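Colleague: What shape does this take:
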Amino acid sequence: MDIYQEAVDYLNSQHVAVNVEAEPDVLEEDVFQEEAMSCLLSPLQAETLDFPDTPTSCSQEEMLERRLAVLKGILDSEEVYLRELDTLLMPMKALRASAGTSQPVLSSRQVQTVFYQVPELRDMHQNFYSGLKVRLSTHCQTEPSPDLHPQQESAPGSDSRSFGDETHRGFELIVGDLFLKMVNQIGLYGGFIQNYEEAVEVVRKCTQSDPRFRTLAQSMMSNNGSDKARTKYTLEALLYKPLDRVTKTTLVLRDLLKVTPVEHRDYSVLQEILRLSRSFLSGINESSQCKREVTLSHGMRRQLMRDGFVVNEGDHSLRHLFLYTDLLLCTRLKPATRGKQDQYRFCWYLPLAGLKLHWVADLEQTPDTHLRLHTIRTKMYHLRQQLQKHMTGSRSLALLTRRKKLELMLFTHFPDYRLELHSPSGKSHSLLFSSLYELEEWREAIYKLTTDNIETVPPDLLTLTSACVKLRMTQQPPLHATNTEVDKAPLCGTLSVVIHSACGLQEPACVYVCVEVDGYEFYDKQAKTHSSVCSLNPHWDQELTLKVDEAQNMRLLCVSQSVGRGDAVLGKTSVKLESKTLNKRWRRQTLHLGQVEVTLSLKYSPHPLDPPSSTVEQQPVFGVPIKTVAEQEGVLVPHVVRCCAEEVERRGLNEVGIYRISGSTTDISTLKAAFNNNLREAVTKLRSAEVNTVSGVLKLYFRELPEPLIPTELFQSLARSLDIKDLNSRLVSIMSLLQSCPDANRHTFLYLLHHLQRVSKRQDVNKMSLLNLATVFGPSLLRPPVVGLGHDGPTVDISQEVVVQVQVVFFYLQCNNLPDAQISLLHDTDAEDETTHL
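Modeller: Alright, predicted model coming up:
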């Protein structure tokens, strides 16, 4: 269909009068010639070809292959740009025709202002595109020939260079003359740029005053090449395209020069072209400030929303990230040298429209990585000790510099989290973080902008990158050595945090809590609870211990875990740590993390810190007295007992023969080792283990206790209590014996009894009655004394021994009014809980 007629029909559909008898313009006819050229490759923006800023060591063949890829990318980018210019020019004829009517949409002068120099720019790029396409097509279709004829050597656009016995066909492809011709006409952009601000002003005023023009200016459609998809633009966004293109020309020339061998005939030509392009842009950037702002959809203006330092995943290098209203810009800071200011180098950018975010926690580290981490932390610790001795003088400055370098190395090389960014165009980047709190703040800020249906307006990359020095809000990486706001009495010692429970979840979820502290990173600066069972009101009562040095803030995050969807932060908050309000007594409080409330207890013990340890080993729990395990975990019921019981209740109550049928010995041993080494990892494995394996782990724990859960010295007394005929007297006797047990033994036994009672309520399905459960657990929970080991009383034969073990547990299980088990120690030493709203 004729483009002119299509534009006329469109205006007619909007009830805009058009005088079709207007005198034709030859230049306009040339501008609107239809193209029949097809795309060689899928559209690819030139800026997505990320080549290193410094030359890499590669063979000439590899460099020439890269050069060909860059040229193909340039061709595809030119095709996209031409389609955008065609879309911009589509209404021009019709608007000129309308200007001759009694009800013009725009006056002739306004039409000339809006489209000034656009047809000429389109012609210039069409000629460049056609020439480049012919050169690439000829090069790709030509078969390699070892013997070239003399006339081929002198043909336009071809060259060959031989090195040794091999002829490199990449030297035959000559394109420098095409780029030189285009750059010689780049002055056309000068007129466009000088007129740009006035053109945008016309568009904005007419958009507000004329609904006919508003309809046209806010819904201009561009076909996306050979596919049927169409892109919607505003007229102002399309007017910005040439501004974006002229800055990209320099970037493209720089990339092309990087992959052009010095021996290539194009090399010196491209150097001169790049010089001309940079000289032209230098003049533009000084005279034109209008490019720094662009109107996006819904009247939004591009502005900086957030910036900060992050780590690039590929080479673990430091990057400065800038979040604008419609895009994410990644740069590399080049610190100021003598007489100069800081500069930023462009790395990459991603439009926010359609950007997908995904984060991954607990990045695995090799043993070598752990060793390097310990080495750096130890060096930092000793530097800290030296600095305390040499507070002033040149030596202190040298020590501070060394400490800053080591801290920066920790920041860049030992992250724990990865944030993945995926663009609809297929471009992806990954950023690394040491703090989940920091990652979540970035994710929230980006996600908030991507949820709006914002329009993608390509940036003026050179101008935007150059402006970073003035726009930046973050001056330094988040290193404690550069922190000038250190309190007079920061925390130095051990900070203990008990995470009790959470509430306010919108739906049942498996949840864990992450605690982070600031200060020097001699030790781990974060700790996490294990994942709870799926619940609306998760409970942990888990104590986390952090060694801190100059800590001032504690950050708390509540995170849900979902199979297939990954982790998601449900809420977060930050708490100021003040030594005057923290002491060695537990202080219980409730923190509001958005809609989620987390109840915790805090205590702080100041003391000098020891050098960092190479390994942080968890004390084993199997084969250890239950009192010892309870004390080291700060609870009354060990976590292994609670976690296994909760998991059985979650998915094992309907399992036939639960606790009677054992799981795989290998799997049980694996889980046992996990609980001895890392509670959090053990609970993660527990969630996916066979339920009979989980029940087997719980039975094994009680079986391997050095002393039985019910103390041995009570065996004879319990046996005599069973002989009491009066039921009430027997109950009183047995319950009084239970009260004489140590706290950890008594509450763990009560916790287990309540759990087994809940299991037996499904005995019609699982076939495990109270007697069956007593038979399974009795021999593990109660054992007779051994003669010669401090026992001089009468012995019990083996048959009677088993009867007593089973009958005692069975009697307790039959009690309907068992006391509730106290799972954790009482940490609320203050009279009332403190609630913190953040």
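
Colleague: Just give the nearest non-adjacent residue to His264, would you?
Modeller: Phe171 (5.9 Å; Cβ to Cβ, 6 or more residues apart in numbering). C-beta: built from backbone N, CA, C; applies to glycine.

Colleague: Now for that neighbour, how many residues are close by?
Modeller: By other Cβ atoms under 10 Å, 20 other residues sit near Phe171.

Colleague: Would you mind measuring from it to Asp177?
Modeller: Taking Cβ to Cβ, to the nearest Å as the measure, Phe171 falls 15 Å from Asp177.

Colleague: start to end distance for stretch 411-427?
Modeller: In stretch 411-427, first residue to last residue: 26 Å (Cα to Cα, to the nearest Å).

Colleague: That one: which residues count as buried?
Modeller: Phe411, Thr412, Phe414, Pro415, Asp416, Tyr417, Arg418, Leu419, Leu421, His422, Ser423, Lys427 (16 or more other Cβ atoms under 10 Å).

Colleague: what does stretch 459-479 give?
Modeller: Going by 16+ other Cβ under 10 Å, stretch 459-479 has these buried residues: 459-468, 472, 477-479.

Colleague: Just put those in a markdown table and tack on pLDDT.
Modeller: Output for the buried residues of stretch 459-479, formatted as a markdown table (pLDDT from 0 to 100):
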| residue | pLDDT |
| --- | --- |
| Pro459 | 71 |
| Asp460 | 72 |
| Leu461 | 77 |
| Leu462 | 75 |
| Thr463 | 76 |
| Leu464 | 81 |
| Thr465 | 84 |
| Ser466 | 80 |
| Ala467 | 82 |
| Cys468 | 86 |
| Arg472 | 87 |
| Pro477 | 87 |
| Pro478 | 85 |
| Leu479 | 83 |
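
Colleague: And those, which two are furthest apart?
Modeller: Between all members of the buried residues of stretch 459-479, the longest pairwise span (Cβ to Cβ) is found for Asp460 and Leu479 and amounts to 32.2 Å.

Colleague: ok, how many other residues are close to Ile529?
Modeller: One correction, residue 529 is Thr, not Ile. 26.

Colleague: For it, give its distance to Trp540.
Modeller: 5 Å.

Colleague: quick one: common contacting residues for these two?
Modeller: Ile499, Val513 (Cβ atoms under 8 Å, 6 or more residues apart in numbering).

Colleague: Helix or strand with the lowest mean pLDDT in this protein?
Modeller: Here the helix or strand of the chain ranked lowest by mean pLDDT, DSSP states H and E is helix 26-31, holding a mean of 27.

Colleague: What ranges does the stretch 551-700 of the chain have for its helices?
Modeller: Under the criterion DSSP state H, counting those that start in this stretch, helices of the stretch 551-700 of the chain are mapped to 626-633, 639-651, 665-677, 679-688, 691-703.

Colleague: same deal with the stretch 401-550 of the chain?
Modeller: Under DSSP H, counting those that start in this stretch, the stretch 401-550 of the chain gives helices at 436-450, 461-466, 468-471.

Colleague: so which of these gets nearest Ala630?
Modeller: helix 436-450 (29.7 Å).

Colleague: Distance from the closest one to the middle of the chain?
Modeller: Relative to its chain's centre, helix 436-450 lies at 8 Å (Cα atoms, centre = their mean, to the nearest Å).

Colleague: in it, what's buried?
Modeller: For helix 436-450, by 16+ other Cβ under 10 Å, it's Leu436, Tyr437, Glu438, Leu439, Glu440, Glu441, Trp442, Arg443, Ile446, Leu449, Thr450.

Colleague: and what of stretch 588-600?
Modeller: Using 16+ other Cβ under 10 Å as the test for burial, stretch 588-600 gives Arg588, Gln589, Thr590, Leu591, Leu593, Val596, Glu597, Val598, Thr599, Leu600.

Colleague: wait, doesn't the fourth one sit right on Leu600?
Modeller: To tie it back to what came earlier, the one meant is Leu591. Yes. Counting by Cβ atoms under 8 Å, Leu591 touches Leu600, with 6.8 Å between them.

Colleague: quick one: common contacting residues for these two?
Modeller: Leu556.

Colleague: Could you tell me the least trusted of the helices of the stretch 401-550 of the chain?
Modeller: Least confident of the helices of the stretch 401-550 of the chain, judged by mean pLDDT, is helix 461-466 with a mean of 79.

Colleague: thinking again about what came up before, let's have the buried residues of stretch 588-600 in a markdown table, adding distance to Arg703 and pLDDT.
Modeller: Converted to a markdown table, the buried residues of stretch 588-600 look like this (distance: Cβ to Cβ, whole Å; pLDDT from 0 to 100):
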| residue | distance to Arg703 | pLDDT |
| --- | --- | --- |
| Arg588 | 36 | 92 |
| Gln589 | 40 | 93 |
| Thr590 | 39 | 95 |
| Leu591 | 40 | 95 |
| Leu593 | 41 | 93 |
| Val596 | 39 | 95 |
| Glu597 | 39 | 96 |
| Val598 | 36 | 96 |
| Thr599 | 34 | 95 |
| Leu600 | 34 | 94 |
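
Colleague: right, and the helix or strand after the helix or strand that contains Arg245?
Modeller: Using DSSP states H and E, Arg245 maps to helix 235-258. Going down the chain from helix 235-258, the next helix or strand is helix 266-287, by DSSP H and E.

Colleague: Go through that following helix and flag the buried ones.
Modeller: Within helix 266-287, the residues scored as buried using 16+ other Cβ under 10 Å are Asp266, Val269, Leu270, Ile273, Leu274, Leu276, Ser277, Phe280, Leu281, Ile284, Asn285.

Colleague: ok, now stretch 711-731?
Modeller: Neighbour-count burial for stretch 711-731 [16+ other Cβ under 10 Å]: Pro711, Thr712, Leu714, Phe715, Gln716, Leu718, Ala719, Ser721, Leu731.

Colleague: closest to Ala774 among those?
Modeller: Among the buried residues of stretch 711-731, and counting by Cβ to Cβ, the member closest to Ala774 is Leu718, at 13.2 Å.

Colleague: nearest spatial neighbour of the closest one, skipping sequence neighbours?
Modeller: Nearest to Leu718 is Val808, by Cβ to Cβ, 6+ apart, at 4.9 Å.

Colleague: ok, how many other residues are close to Thr113?
Modeller: Neighbours of Thr113 using other Cβ under 10 Å come to 17.

Colleague: surely it meets Lys205?
Modeller: No. Applying Cβ under 8 Å as the test, Thr113 and Lys205 come out as separate, 11.2 Å apart.

Colleague: Give me the contact list for stretch 373-392.
Modeller: 365, 396, 399-400, 402-403, 406-407, 409-410, 414, 520-523, 549, 609, 611-614.

Colleague: Could I get the average pLDDT for stretch 61-69?
Modeller: pLDDT averaged over stretch 61-69 gives 87.

Colleague: still on that earlier bit, will you turn the helices of the stretch 401-550 of the chain into a markdown table that also has distance to Tyr659?
Modeller: Output for those, formatted as a markdown table (distance: least, Cβ to Cβ, whole Å):
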| stretch | distance to Tyr659 |
| --- | --- |
| helix 436-450 | 38 |
| helix 461-466 | 65 |
| helix 468-471 | 64 |
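
Colleague: Lys767: which of the ones you listed is closest?
Modeller: Lys767 lies closest, by Cβ to Cβ, to one member of the helices of the stretch 401-550 of the chain: helix 436-450, at 45.1 Å.

Colleague: Output the contacting helices and strands for that closest one.
Modeller: Judged by 3 or more Cβ pairs under 8 Å, 6 or more residues apart in numbering; DSSP states H and E, the packing partners of helix 436-450 are strand 304-312, strand 318-324, strand 356-360, strand 417-422, strand 428-433, strand 510-517, strand 553-562, strand 566-576.

Colleague: and the two most separated of the buried residues of stretch 411-427?
Modeller: Within the buried residues of stretch 411-427, Phe414 and Ser423 form the most distant pair, 28.0 Å apart (Cβ to Cβ).
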